[in-house]
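**Student:** Structure of the sequence below:
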Amino acid sequence: MTVLLGCIADDFTGATDLANNLVRAGMRVVQTIGVPGEPLTAEVDAVVVALKSRTIAPADAVAQSLDALRWLQAQGAQQIYFKYCSTFDSTPEGNIGPVTEALMDALDCDFTIATPAFPDNKRTVFKGYLFAGEVLLNESGMQNHPLTPMTDANLVRVLQAQTRRKVGLIDHVAVAQGPAAIGERIAQLRADGVGIAIVDAVSNDDLLRLGPALAEMPLVTAGSGVAIGLPGNFGIAPSSAASALPAASGQQAVVSGSCSLATNRQVQHFIASGRPALGIDPLRIAAGVDVVAEALAWAAPLVESGPVLVYSTAESGAVKSVQGRLGVEEAGAMVERAIAAIARGLVAQGVRQLVVAGGETSGACVQALGIAQLQIGAQIDPGVPWCHAVSEAAGGAGLHIALKSGNFGTDDFFSKAFTVIG
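**Tutor:** Next up is the predicted model:
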């Protein structure tokens, strides 16, 4: 079988975000957790390989991405899509630039585009600057991200610092004129020696105009927004059949490790609604307290009557205080391990509908749950679908799971998710 679109995502929530947009556009999609060890067996239009490579060393991110590329090529992928976050965040050394260049080299590709624009989630690019809602990225709270702080909204400048290739811009004037004008701008940039071009997009119409101009491009790099304009290049139209999942049942729970502003609001909304919620203190974990056992014992009698929430989410000042005592990497990894162990324990106790908040947290939880592949279902909020998977922690039974990027979702997301699973 031939895969039309082979995708490489740099974290697990980003992978489901991309898969969600492809499913909404009519593609049948499977998401793999890491690079599979065997050939693809399902009949699908697109495969999204989910890596956990956003914040690792650039050389490791490159190696993992190239492994994913080779596997996708072996499945016959006609076009490759490198997906990163709609906030374009990475460390100062990468990993967006290094991975993009490595994929370009491997595909013998002399030009590609880059744009994290996702208007449905209020991520827009104008004159090369990334906006989150009404403000520049570096004024949105992302400047305080504990792992990947973003202090510059100029994407040309940010990407140029990470790549040896010349970075240019396809601005809103060209995009507004449609595919032919975009193609002319690409030809001009290539003639000027540009290898990667940031693309302006302030609406879904911009992304749909961009799509046809990318039809013959071996490699596309973007957030998930560009995905809405690509299925049409393969003659695929939206269809509800693409998002069908098995019926949901079982207990419900939410685990959250994200410290984003959006997730903080979601945690507070869930608590204000009167549902049970338990906060995890990183300092107690560091002191050797078995917070995992405590959380599972707390949840056991409560989860019978509806969803419960276990969270380590906190505002940025509290996060920095903990990092100051434990170190940035150790604090983050320690909390991830605890939340992942709690997620596994909840599923072992009977939870079959699970929401996970936070990109790094989602990666840790999926691995702890022994999930190898995800079938992508219907959207809860832009960028976040329900998925279905076979989980080792569930004894091989089916599990519905939603992996939410920290910055995504409305304030009532944690409650709303369980009302729309159907």
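**Student:** What segments of this structure are helices?
**Tutor:** Counting by DSSP state H, one finds helices in the chain at the ranges 12-24, 58-74, 96-106, 155-160, 172-176, 179-191, 204-213, 261-272, 282-286, 291-299, 316-326, 328-348, 359-368, 413-419.
**Student:** and the last one, what does it pack onto?
**Tutor:** Based on contacts counted as 3 or more C-beta pairs under 8 Å, 6 or more residues apart in numbering; DSSP states H and E, the elements that helix 413-419 packs against are strand 251-256, helix 261-272, strand 351-357, strand 373-381. For glycine as for every other residue, the C-beta is placed from the backbone atoms N, C-alpha and C.
**Student:** With Glu38 as the reference, name the closest of these.
**Tutor:** Nearest to Glu38 among the helices and strands packed on helix 413-419 is strand 373-381 (10.8 Å), distances taken as C-beta to C-beta.
**Student:** residues making contact with the closest one?
**Tutor:** The set of residues external to strand 373-381 that reach it, using C-beta atoms under 8 Å, 6 or more residues apart in numbering, is 16, 19-20, 22-24, 29-33, 36, 50, 243-245, 385-390, 400-402, 408-410, 413, 416-417, 420, 422.
**Student:** residue ranges with poor pLDDT in the stretch 251-400 of the chain?
**Tutor:** 313-319 (pLDDT under 70).
**Student:** Distance across stretch 164-173, terminal residue to terminal residue?
**Tutor:** This stretch, stretch 164-173, spans 27 Å end to end (C-alpha to C-alpha, to the nearest Å).
**Student:** Just give me how far that stretch sits from the chain centre.
**Tutor:** Relative to the chain's own centre, stretch 164-173 is displaced by 24 Å; criterion: C-alpha atoms, centre = their mean, to the nearest Å.
**Student:** ok, now stretch 37-55?
**Tutor:** In this view, stretch 37-55 has its centroid 14 Å away from the chain centroid, taken as C-alpha atoms, centre = their mean.
**Student:** Just the CA atoms of it, as PDB, please.
**Tutor:** Taking only C-alpha atoms (Å, rounded to 0.1, in the frame of the first residue of the first chain), the coordinates of stretch 37-55 have been written out as PDB:
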ATOM      1  CA  GLY A  37       9.600  -1.800  14.200                       C
ATOM      2  CA  GLU A  38       7.300  -3.300  11.600                       C
ATOM      3  CA  PRO A  39       5.700  -2.300   8.200                       C
ATOM      4  CA  LEU A  40       2.400  -0.600   8.200                       C
ATOM      5  CA  THR A  41      -0.600  -2.900   8.000                       C
ATOM      6  CA  ALA A  42      -3.600  -0.600   8.200                       C
ATOM      7  CA  GLU A  43      -5.100   0.900   5.000                       C
ATOM      8  CA  VAL A  44      -4.700   4.700   5.700                       C
ATOM      9  CA  ASP A  45      -4.000   7.800   3.700                       C
ATOM     10  CA  ALA A  46      -1.600   9.400   6.200                       C
ATOM     11  CA  VAL A  47       0.700   8.200   9.000                       C
ATOM     12  CA  VAL A  48       1.900  10.500  11.800                       C
ATOM     13  CA  VAL A  49       5.100   9.300  13.600                       C
ATOM     14  CA  ALA A  50       5.000  10.900  17.100                       C
ATOM     15  CA  LEU A  51       8.500  11.500  18.500                       C
ATOM     16  CA  LYS A  52       9.400  13.200  21.800                       C
ATOM     17  CA  SER A  53      12.200  15.200  20.300                       C
ATOM     18  CA  ARG A  54      11.300  18.900  20.800                       C
ATOM     19  CA  THR A  55      13.600  19.500  23.800                       C
END
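**Student:** ok so, going back, what's the closest of the helices of the chain to Glu43?
**Tutor:** Of all the helices of the chain, helix 12-24 sits nearest to Glu43, with 14.7 Å by C-beta to C-beta.
**Student:** helices and strands around that closest one, which ones?
**Tutor:** With contacts defined as 3+ C-beta pairs under 8 Å, 6+ apart, helix 12-24 has these neighbours: strand 5-9, strand 29-33, strand 46-50, strand 79-83, helix 359-368, strand 373-381, strand 384-390, strand 398-404.
**Student:** ok, back up a step: take the helices of the chain and write them to a markdown table, including distance to Val44 and mean neighbour count.
**Tutor:** Output for these, formatted as a markdown table (distance: least, C-beta to C-beta, whole Å; neighbours: other C-beta atoms under 10 Å):
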| stretch | distance to Val44 | mean neighbour count |
| --- | --- | --- |
| helix 12-24 | 10 | 29 |
| helix 58-74 | 12 | 19 |
| helix 96-106 | 21 | 22 |
| helix 155-160 | 31 | 20 |
| helix 172-176 | 30 | 19 |
| helix 179-191 | 27 | 16 |
| helix 204-213 | 20 | 20 |
| helix 261-272 | 30 | 19 |
| helix 282-286 | 40 | 17 |
| helix 291-299 | 35 | 18 |
| helix 316-326 | 39 | 15 |
| helix 328-348 | 25 | 21 |
| helix 359-368 | 19 | 26 |
| helix 413-419 | 25 | 20 |
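**Student:** Rebuild these as CSV, extending it with distance to Pro231.
**Tutor:** Written out in CSV, the entries for these read as follows (distance: least, C-beta to C-beta, whole Å):
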stretch, distance to Pro231
helix 12-24, 7
helix 58-74, 17
helix 96-106, 21
helix 155-160, 25
helix 172-176, 19
helix 179-191, 15
helix 204-213, 8
helix 261-272, 28
helix 282-286, 42
helix 291-299, 40
helix 316-326, 38
helix 328-348, 32
helix 359-368, 25
helix 413-419, 25
